[in-house]
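> Pasting a predicted model and its sequence here:
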Amino acid sequence: SFLLVLAVTRWLLKPLAALAAGVRAVAAGERRAHVTGSSGPPEVRELSELFNRMSDAVTEAADQQRRLIADASHQLRNPMAALRLRMDTLSGQVKPEGVRAYTAGVAEIERLESLLDGLLALASAESAATEVAAGGREPELTDVGAVAVDRAGFWQVPLPGTPPLAVLVRCPESDLAQVLDVLLDNAVKYGGEVRVSLGADRAAGVGWVEVHDDGPGLTAEELALATSRFWRGRSGKPGTGLGLAIADQLVRARHGALSLSSADGFTARVTLPLEPAL
């Protein structure tokens, strides 16, 4: 009877262990992770088959989203560029009484171009999150200090003091640079003095970079809405309202976090996983 119980137990537990391994593989980012469903009770075999379908569906959704962004970028940018070219061609033929309307039209085109760029960037950031979940490439390692110094220099704000040990995080350099550009653009536009700092909590396995300005900051209600799409603050300055939404998506796609606070100004902190320990 003992051998019978042991055989039944193995018959029940082996497919469950395989299913658990498949779930861990998907969580780790493996594309189209499958489990074999040839043993165990019918209910477990059916669950294995459903898991395989789900894994395939997640991967296919990531691929479709990526293709949609590429197609939308091509189909939308071309007519926008053509419209801009036609407006530029008309610039020398506008009568004095039509200058005001022409100038307003050019401003609207510039606004649409900025909005289109923002929407495509946001869609790309959301696609990156789906692709990571579906098992994209191994994450690149980026030196936070090098990127922070480069972007701070571009925006002409004081350069951050870098820590003695390089802070290498699992995030593409281009994504981190784009996030810092959003944060520094906001800080320069809305704040006064801007400071950039960075560091690492190696016990927690995370690195961070922070942008602080001594501007008016945001209220608690505004902080809760700041990363929402198309949200704009009370300053009335021009913008699409997509910058922080894009930054938030890019950071979350790499299993990080963007935290905002208003203490003596406005602070945005980006936290990202450090390189895997050897």
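On my side now, so go ahead. All figures in this text were calculated on a predicted structure; none of them were measured in a lab.
> where do the strands sit along the stretch 1-150 of the chain?
141-143 (DSSP state E, counting those that start in this stretch).
> The stretch 151-278 of the chain now?
168-170, 194-201, 206-213, 257-261, 266-273.
> D201 and V167, how far apart?
10 Å (CB to CB, to the nearest Å). Using the backbone N, CA and C atoms, a C-beta is placed for each residue, glycine as well.
> if you count what's nearby, which of those two comes out ahead?
V167 (24 against 11; other CB atoms under 10 Å).
> My guess is the more buried one contacts L198. True?
Yes. Because the distance of 6.1 Å satisfies CB atoms under 8 Å, V167 is recorded as touching L198.
> Mutual contacts of the two, please.
V144, G145, G207 (CB atoms under 8 Å, 6 or more residues apart in numbering).
> any idea of the pLDDT on the second one?
Looking at G145, its pLDDT stands at 94.
> is it true that R232 touches G241?
Yes. Applying CB under 8 Å, one finds R232 in contact with G241, separated by 4.3 Å.
> one step back: what is the nearest of the shared contacts of V167 and L198 to P158?
G145 (14.2 Å; CB to CB).
> what's the longest helix in this protein?
Identified as the longest helix of the chain according to DSSP state H is helix 42-90.
> name the helices or strands packed onto that helix?
helix 2-27, helix 99-134 (3 or more CB pairs under 8 Å, 6 or more residues apart in numbering; DSSP states H and E).
> Would you check how far apart the residue sitting nearest the centre point of the chain and N186 are?
Ranked by distance to the mean C-alpha position of the chain (CA atoms, centre = their mean), the top residue is L250 at 1.2 Å. The gap separating L250 from N186 is 15 Å, by CB to CB.
> Pull the contacting residues for D213.
Counting by CB under 8 Å, 6+ apart, D213 has contacts N186, A187, V188, Y190, G191, G192, E193, V194, R195, G265, F266.
> can you check D264 too?
D264 sits next to D214, G217 when contact means CB under 8 Å, 6+ apart.
> what about it, distance to A220?
Taken as CB to CB, the span from D264 to A220 is 15 Å.
> I'd assumed G241 was in contact with W231.
Yes. W231 is within contact range of G241, at 5.1 Å (criterion: CB under 8 Å).
> how about the nearest residue to F266 once chain neighbours are set aside, phi and psi?
Closest residue in space to F266, ignoring its immediate chain neighbours: G217 at 4.4 Å, by CB to CB, 6 or more residues apart in numbering. The phi/psi pair for G217 (degrees, to the nearest 10) reads phi 70, psi -170.
> Distance of G217 relative to V179?
Taken as CB to CB, the span from G217 to V179 is 20 Å.
> Which one of those two is surrounded by more residues?
Under the criterion of other CB under 10 Å, the comparison of G217 against V179 puts V179 first, with 30 against 19.
> Perfect, that will be all.
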